[in-house]
Structures are given as C-alpha cells and as structure tokens.
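K.L.:
here is a sequence with its predicted model. Questions after.
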Amino acid sequence: MAPLTRSRSDEEGVPPGFAADYYGQRADAGLIITEATNISAQARGYAMTPGIWSDAQVAAWRPIVEAVHRREGMIFLQLWHTGRISHPDLHGGELPVAPSAIAAEGQAFTNDGLKDFVTPRALETDEIPGIVEDYRHAAAQAKAAGFDGVEVHAANNYLLEQFIRDSTNRRTDEYGGSIENRLRFPLDVVRAVVEVWGAKRVGIRISPATTEPGKTPLDSQPAQTFDAFVDALSEIGLLYIHDIEGVTQQTRDVPDGIDFQELRKRFTGAYIANNQYTLELAEEALTHGDADLFSFGRPFLANPDLVERLRTGAPLAEAPKQYWYGGGSVGYSDWSGMSAPVGLD
C-alpha cells in the first residue's frame, strides 16, 4: 500500500484513534507505507498531516502499528520534510525553508484553505546538519512507536528532492552545484536513518519524472543525477527503492532520458514500482522482470480488501474525491469489504 495523505490528524500532528481501523483494515497489503509523516514542526507543508517528533505522536501511532501487526501485516513509516511546498501560515508566520529561494507554482493547503506558495528562505549551510538530526530523531521515534521500518521520502519535489534537482538547488556551497554536492544532504539523511534502523529496515521513495507538486522542472541531467543517486543508495545497502514511474496522479509517461529499468539494474535491493498500476500492468511488468513489487495507492481508499478483490476479480469501489482529504472516519475507515455492501451513502 503506497503512502496516501489523508489529512485527518489534529493541529499537533497527532493521528486520530480511528486511524488504527483504517490501517488495520488494509493489512492484507503485506507492507503498508504510511501517509507521509512530518519529521519536525518545520517539515509541515499541509494542514492536518501527522508527525513523529513528539511523544504524543508516538503514543498515537502505537495502536495503529499494533492493529496492522494483529492482522500479520508490516508497516513502515514514511519520513517527510516538505521544504518549499508549504506556507507561512503553517509556521507561525515564518517562511518555509528550501535549498534556494525559488518559489513553487501553485497553492498550499492551510487551515484556512488554499493559499499561494511563497518564496521560501534558503537554508544556511550550518542549518543543514540540524535537519539531518531531525531525520535521525524521527527515525528513532518511529522505532519507539513499534514500526517495522521506515521509508525516506525523497520524491514528489519535497525537501530532499529540492536539493537533488538543479532547477530548485542553486546553492554555491558544498550542498549545491555538482551532482555529488546536490546528493550530499539526501545521502547524509539516509545514512543517519540507517544508523538508527540498519539498512535492511530502510527504503526510499524517488520520483525522477515527477513535476508535481509545485510544477517543478526536471533536473537538467535526470539520468545522470538519478543513476548516481541510486548507485550511492545501493552501496549503502537499502532494502528497496520505491519509484514513482511517471507524473504523479497524472500519467505514466516517461520523459526522455529517464530509464527506470536502468535504475532497477543499478540497484542491488528490491525495486517497488508505483504510479497508476493496474493488476494487468503489474502482472505484465512482473512477467518481464521489470519490478519486484508494486505499490497501489488510490485503489486502497475505498477497498480495504483490495488484495482479495484483485485475486478474485471482484469490482473495485471508488472513493469520492471529497473524502480524500480532511474530515473524520466517514469515507476513511468505514468502507465495507466484499461480504457487505460497498460504498458510502
């Protein structure tokens, strides 16, 4: 089950009690990767998203993890810093941070609705090691909550990918310029998390072809950049890379110069393919050896028993978009399985 932001947490980033029902119902996925979870208050980019930096957040995640384990599933926490994809309203009026002071296109989801992105504040060189430590702390908090592992969110144009791409990283210090320099911070983060968990309990999500959110241009050398990134991740020995193969929630079209199968060949761990896969597409890719596993996202929204539905050929329910983000248990943890009527009134 791919990460799915649902915006049900409170103002302190504490997940609701009924999230245990939601995740537990979907434990048949085998491996659940949680909704993106903020590593710190500074990391927030969307209202009502969960965190993992406080003791209250850890306490709220424990019964969620236990619910998945009771049904013999595994659950990894996705570690997230949104960087410039944020708004001052989420930071007490302070600017969001980024590698460089370059604004994204589009709008941020705040407690008062959608608001235009602002020009972020470029991080000072001496601030960056502190964010690495925030990731280390969040990884330790995830272990305290009982998770089976963690996934580093280095995709979707959030902070780590903002450092990777030369379209969003115009720095002139040791964190900018060359591919090696632009990969320095993300790799420091990965190493810090691995020190907490061990490499075989850590995965990473990447998105070489994604331009959303923020309408972020691709790197000028995406193939060379991500080849180098994946080579370094393979050397660290991560459990898996989780690759968004296309433009998020839009198409599976691949821009020129990006070869997902080359990335798969370069990586010694498992390769999880993602982005609008159907059962048929996944079976075809598996036949050709193009991936080891596949993550499904939106089909899990209204189908807690998605695996059984795919196995038996049962029809899939569709979740109305008004239930995707925000609200309570309705449209979230109250979907029925095949043995009962499916859908919402």
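P.N.:
Done, it's in.
K.L.:
mind checking how far Arg26 is from Arg70?
P.N.:
As judged by CB to CB, to the nearest Å, Arg26 and Arg70 stand 13 Å apart. Backbone N, C-alpha and C define where each C-beta goes, glycine included.
K.L.:
could I get the full set of strands for the stretch 201-345 of the chain?
P.N.:
Assigned by DSSP state E, counting those that start in this stretch, the strands in the stretch 201-345 of the chain fall at 202-206, 240-244, 270-274, 293-295.
K.L.:
now do the second one: which elements does it pack against?
P.N.:
I take that to be strand 240-244. Counting contacts by 3 or more CB pairs under 8 Å, 6 or more residues apart in numbering; DSSP states H and E, strand 240-244 packs against strand 202-206, helix 260-266, strand 270-274.
K.L.:
and the second one, C-alpha only, in PDB?
P.N.:
Spelled out, it's helix 260-266. Extracted in PDB, the C-alpha atoms of helix 260-266 (Å, rounded to 0.1, in the frame of the first residue of the first chain):
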ATOM      1  CA  PHE A 260      13.500   3.200 -14.900                       C
ATOM      2  CA  GLN A 261      14.800  -0.200 -15.900                       C
ATOM      3  CA  GLU A 262      18.400   1.100 -15.800                       C
ATOM      4  CA  LEU A 263      17.700   2.300 -12.300                       C
ATOM      5  CA  ARG A 264      16.400  -1.100 -11.400                       C
ATOM      6  CA  LYS A 265      19.500  -2.800 -12.800                       C
ATOM      7  CA  ARG A 266      21.800  -0.400 -10.900                       C
END
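K.L.:
for it, list every residue counted as buried.
P.N.:
When burial is assessed from 16 or more other CB atoms under 10 Å, helix 260-266 yields the following buried residues: Phe260, Leu263, Arg264, Arg266.
K.L.:
state which helix of this protein is the longest.
P.N.:
When the chain is parsed with DSSP state H, its longest helix is helix 179-197.
K.L.:
what about the helices in the stretch 101-250 of the chain?
P.N.:
128-144, 159-164, 179-197, 222-236 (DSSP state H, counting those that start in this stretch).
K.L.:
which one of those helices lies nearest to Ala59?
P.N.:
helix 128-144 (9.5 Å; CB to CB).
K.L.:
helices and strands around the closest one, which ones?
P.N.:
helix 55-70, strand 74-80, strand 149-153, helix 179-197.
K.L.:
adding distance to Ala314 and mean pLDDT, write these out as TSV.
P.N.:
Output for those, formatted as TSV (distance: least, CB to CB, whole Å; pLDDT from 0 to 100):
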stretch	distance to Ala314	mean pLDDT
helix 55-70	23	98
strand 74-80	24	99
strand 149-153	29	99
helix 179-197	37	98
